[in-house]
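Participant: Only the shape, not the letters, is given here:
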């Protein structure tokens with residue numbers, strides 16, 4: 001039996017904020033125990049089900065796709081927790097999906113887990129299972145693709161090759177510098193058993209951001225992998241760090257340690273450039289004009305042009321926030337200039353690099369991550385030029401468009417325009433954001449549209465990134481950043497996906 005949701009009814013409910021929880025079309029999810037906000041967060045001081053996750057992982061691996069949601073629903077009814085399902089989903093992907101030949105494609109089954117988790121955290125309690133059920137179904141598709149491509153499975157670590165705990169970091173750095181996969185694997189395992197997680201993130205994020213291969217997916221994996229481990233528990237770190245090290249060493253055309261290749265060049269230059277940044281660079285003044293100036297350079301400047309300007313801004317005491325404003329809006333501008341896979345990853349990689357910047361405790365790394373983000377945006381622009389025309393959109397000059405409706409109907413009007421005319425939707429969003437200092441109804445509607453319309457991992461990855469980073473952009477610029485998201489968010493006129501019906505059937509609703 002079909003239970004279609006009307007666009008008008010959905011968007012009215014979304015725009016009403018509190019009415020989301022009572023929306024009839026998703027009411028069947030209440031058959032599952034609601035996930036409270038406290039349950040979706042990990043107590044860092046508590047050991048969580050160590051050693052007991054294997055049977056659930058094997059259930060995900062071995063159950064046919066058409067029966068998996070029903071099986072998982074049964075486990076949840078029997079007391080399996082949100083965190084156990086999240087952990088099993090993540091680890092099943094780590095063990096069964098190879099992060100090669102590119103850190104993307106089928107490996108999005110792993111990359112998307114944190115995005116689905118973020119979507120769950122931002123949803124009403126009774127909706128929190130829906131993104132996780134989508135990711136479970138998506139894993140089975142990726143697993144089948146991996147089988148067709150050779151059926152890769154992560155093997156047990158070579159215990160005889162593990163360096164001693166006090167030598168693991170030096171061994172890992174040497175292996176990564178030499179792009180040595182075998183040595184990096186055993187060193188990563190040793191680090192997982194002996195290292196402090198904050199120090200490990202400093203180390204792994206440095207190597208994840210050093211080159212532009214896989215259009216930012218290495219940095220995305222490092223950030224999302226770390227965030228997922230924070231949610232499921234660090235007792236699961238070893239296979240994750242081994243997988244991440246393997247992914248970070250993805251390369252083509254010879255050993256990069258012995259060559260001077262374009263994806264590596266900006267990182268090597270920035271490793272030297274960071275010495276030019278003044279001490280005390282973390283302190284400065286918010287300067288919207290400086291943000292606008294950097295945006296002009298990011299529009300068509302070289303990696304060197306963009307990075308030199310970042311150094312100059314920091315040295316004249318512009319606050320790092322004003323630089324990040326330009327990086328966020330510059331990423332959105334690339335998406336508006338050429339909607340598609342490259343511009344989308346300019347946004348999601350900026351989200352990952354900003355997370356790494358904030359999570360790092362090492363000053364050198366924080367400088368480097370900011371410069372690498374600036375270089376990456378220039379390199380994204382170059383990559384886009386090889387894919388077709390790049391429009392001359394400048395978000396700083398975007399003019400708001402009038403809305404014919406108000407309140408809930410204004411949100412409806414915007415999302416009805418998204419696929420038909422994304423530029424008009426963007427201009428109307430700028431109008432809406434200008435009138436509403438907290439456009440929560442629009443953000444809630446965007447997220448719920450992903451649940452109902454999203455068919456691809458990028459729908460979750462992108463929406464989770466952009467709706468999170470809206471709050472990381474200064475008030476002067478965040479409306480323009482949100483406006484750019486309309487070039488990739490789901491619109492209300494798109495057909496519904498099959499997830500809702502699959503979940504309904506799995507629950508016997």
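Facilitator: Perfect, thanks for sending it. What you are looking at is a predicted structure, and each value in this text was computed from that prediction instead of being measured.
Participant: Just name whatever secondary elements the helix ranked longest in the chain is in contact with.
Facilitator: In the chain, assigned by DSSP state H, the helix with the most residues is helix 363-385. Under the contact criterion of 3 or more C-beta pairs under 8 Å, 6 or more residues apart in numbering; DSSP states H and E, helix 363-385 touches helix 197-208, helix 265-273, helix 288-300, helix 303-315, helix 320-337, helix 341-359. Using the backbone N, CA and C atoms, a C-beta is placed for each residue, glycine as well.
Participant: how about a cut-off of 6 Å?
Facilitator: helix 265-273, helix 303-315, helix 320-337, helix 341-359 (3 or more C-beta pairs under 6 Å, 6 or more residues apart in numbering; DSSP states H and E).
Participant: out of the ones you listed, nearest to residue 399?
Facilitator: helix 320-337 (13.5 Å; C-beta to C-beta).
Participant: The helix or strand that comes right after the longest helix of the chain - what's its average pLDDT?
Facilitator: Moving toward the C-terminus from helix 363-385, the next helix or strand (DSSP states H and E) is helix 408-417. Averaging pLDDT along helix 408-417 yields 95.
Participant: Next secondary structure element downstream of helix 408-417?
Facilitator: Next in sequence after helix 408-417, counting helices and strands by DSSP H and E, comes helix 422-435.
Participant: quick one, domains of this structure?
Facilitator: Here the domain parsing of the chain from automatic domain parsing is 32-255, 265-385.
Participant: Distance to residue 402 for the ones you listed - can I get that in TSV?
Facilitator: Converted to TSV, the domains of the chain look like this (distance: least, C-beta to C-beta, whole Å):
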stretch	distance to residue 402
domain 32-255	30
domain 265-385	20
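Participant: if we can go back for a sec, can you redo the helices and strands packed on helix 363-385 as TSV with distance to residue 130?
Facilitator: As requested, those are exported to TSV (distance: least, C-beta to C-beta, whole Å):
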stretch	distance to residue 130
helix 265-273	39
helix 303-315	39
helix 320-337	26
helix 341-359	21
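Participant: closest one to residue 100 among those?
Facilitator: Among the helices and strands packed on helix 363-385, the nearest to residue 100 by C-beta to C-beta is helix 341-359 (17.7 Å).
Participant: which outside residues touch the closest one?
Facilitator: Contacts with helix 341-359, where a contact means C-beta atoms under 6 Å, 6 or more residues apart in numbering, come from 201, 205, 215-216, 219-220, 223, 327, 331, 334-335, 366, 369, 373, 380, 383-384, 458, 461-462, 465-466, 469, 488.
Participant: rerun that using 7 Å as the cut-off
Facilitator: 201, 205, 209, 215-216, 219-220, 222-224, 324, 327-328, 331-332, 334-335, 337, 366, 369-370, 372-373, 376-377, 380, 383-384, 387, 458, 461-462, 465-466, 468-469, 472, 488 (C-beta atoms under 7 Å, 6 or more residues apart in numbering).
Participant: same check, this time on stretch 389-398
Facilitator: Residues outside stretch 389-398 that contact it (C-beta under 7 Å, 6+ apart) are 292, 295, 299, 329, 332-333, 336-338, 384, 426-427, 430, 480, 483-484.
Participant: Which members of the residues you listed are the farthest-apart pair?
Facilitator: Using C-beta to C-beta, the two most remote members of these are 384 and 430, lying 22.8 Å apart.
Participant: ok, back up a step: list the buried residues in the longest helix of the chain.
Facilitator: Neighbour-count burial for helix 363-385, counted by 16 or more other C-beta atoms under 10 Å, picks out 365-381, 383-384.
Participant: contacting residues around residue 446?
Facilitator: Contact partners of residue 446, counting by C-beta under 7 Å, 6+ apart, are 463, 467, 489.
Participant: From those residues, pick the one nearest residue 87.
Facilitator: Among the contacts of residue 446, residue 463 lies closest to residue 87 (C-beta to C-beta), at 23.0 Å.
Participant: does that closest one sit in a helix or strand, and which one?
Facilitator: Assigned by DSSP H and E, residue 463 belongs to helix 457-469.
Participant: Helix 341-359 and that helix, what's the angle between them?
Facilitator: Relative orientation of helix 457-469 and helix 341-359, computed by axes from the mean of the first three to the mean of the last three C-alpha atoms, to 10 degrees: 40 degrees.
Participant: Can you flag the buried ones in the contacts of helix 341-359?
Facilitator: Those of the contacts of helix 341-359 that meet the buried threshold are 201, 205, 209, 215-216, 219-220, 222-224, 324, 327-328, 331-332, 334-335, 337, 366, 369-370, 372-373, 376-377, 380, 383-384, 458, 461-462, 465-466, 468-469, 472, 488, by 16+ other C-beta under 10 Å.
Participant: For the longest helix of the chain, what does the pLDDT average out to?
Facilitator: 98.
Participant: quick one, it and helix 341-359 angle?
Facilitator: 170 degrees.
Participant: Touching helix 363-385 from outside, list them.
Facilitator: 202, 205-206, 209, 212, 215-216, 266-267, 270-271, 273-274, 277, 298, 300-303, 306-307, 310, 320, 323, 327, 330-331, 334, 338, 342-343, 346, 349-350, 353, 356-357, 360, 390.
Participant: just stretch 151-167 next, same as before
Facilitator: In contact with stretch 151-167 (C-beta under 7 Å, 6+ apart) are residues 94-96, 98, 146, 171, 185-187, 189-190, 193-194, 239, 242-243.
Participant: and of those, the nearest to residue 72?
Facilitator: Minimum distance to residue 72 across the contacts of stretch 151-167 is 16.3 Å, recorded for residue 96 (C-beta to C-beta).
Participant: what sits against the closest one?
Facilitator: Contacts of residue 96 (C-beta under 7 Å, 6+ apart): 61, 143, 146, 153.
Participant: And for residue 209?
Facilitator: If you count contacts by C-beta under 7 Å, 6+ apart, residue 209 has them with 219, 353, 356, 369, 372.
Participant: From residue 202, how far off is it?
Facilitator: 12 Å (C-beta to C-beta, to the nearest Å).
Participant: picking that back up, closest one of the contacts of stretch 389-398 to residue 90?
Facilitator: Closest to residue 90 out of these is residue 332 (28.6 Å), distances taken as C-beta to C-beta.
Participant: And the nearest residue to that closest one once chain neighbours are set aside, what's its pLDDT?
Facilitator: Spatially, and ignoring its direct neighbours in sequence, residue 332 is nearest to residue 484 (3.0 Å; C-beta to C-beta, 6 or more residues apart in numbering). For residue 484, the model assigns a pLDDT of 98.
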